[in-house]
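# I would like the atomic coordinates for the input below:
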Amino acid sequence: RGSRGPCPTLSFPAEKHLVLLRDGRTLIGYLRSIDQFANLVLHQTVERIHVGKKYGDIPRGIFVVRGENVVLLGEIDLEKESDTPLQQVSIEEILEEQRVEQQAKQESEKLKVQALKERGLSVPRADTLDEY
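Numbering: from 1, shown residues only. Down below sits the predicted model:
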């Protein structure tokens, strides 16, 4: 047998895992597969969006994550999962909160760039820089 793919004898218990991705997204689901490159397959996955003290979960189903995008993988303690100061809200509400937060960040960034320009400094735009 070749060394491709996960070990077929390895079984995963039905435990929830949290995955933090390089782009800042948070996924929660049941880990079904992992390989030597940290490529993951998650089952019954939700994307959790946090804004302030609120959060919302967007159902995503089966999710395949390339290992290079994984920042953190951790098991969720189901007994402590509900013990949180955060308030769960609807998908629509959390998406609106996220939009408002991103808009405020963009406005703040524009003001910073404007203030630096007035002082004779220039800042390279973030979209012209490499992500690495």
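# going forward, measure contacts and count neighbours with C-alpha atoms only.
OK.
# Following element in sequence after the least confident helix or strand in the chain by mean pLDDT, please.
Lowest mean confidence among the helices and strands of the chain (mean pLDDT, DSSP states H and E): helix 78-81, at a mean of 78. As assigned by DSSP states H and E, the chain's next helix or strand after helix 78-81 is strand 87-88.
# Give the partner strands of that next one in its sheet and their orientations.
Paired strands of strand 87-88, with direction, are strand 54-65 (parallel) (DSSP bridges).
# Now do the buried residues in the strand it pairs with.
K54, Y55, G56, D57, I58, I62, F63, V65 (16 or more other C-alpha atoms under 10 Å).
# which residues make contact with stretch 76-94 from outside it?
For stretch 76-94, contacts defined as C-alpha atoms under 8 Å, 6 or more residues apart in numbering pick out 15-18, 49-51, 53-58.
# show me what contacts the residue nearest to the spatial centre of the chain?
For the chain, R25 is the residue whose C-alpha lies nearest the centre (C-alpha atoms, centre = their mean; 1.7 Å). Each residue near R25 by C-alpha under 8 Å, 6+ apart is listed here: E47, R48, I49.
# Export those residues as JSON lines, with columns for distance to R32, pLDDT and neighbour count.
Formatted as JSON lines, the contacts of R25 follow (distance: C-alpha to C-alpha, whole Å; pLDDT from 0 to 100; neighbours: other C-alpha atoms under 10 Å):
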{"residue": "E47", "distance to R32": "17", "pLDDT": "95", "neighbour count": "19"}
{"residue": "R48", "distance to R32": "19", "pLDDT": "94", "neighbour count": "17"}
{"residue": "I49", "distance to R32": "23", "pLDDT": "93", "neighbour count": "20"}
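# Can you list which of the residues you listed are found in strands?
Mapping the contacts of R25 onto strands (DSSP state E) picks out E47, R48, I49.
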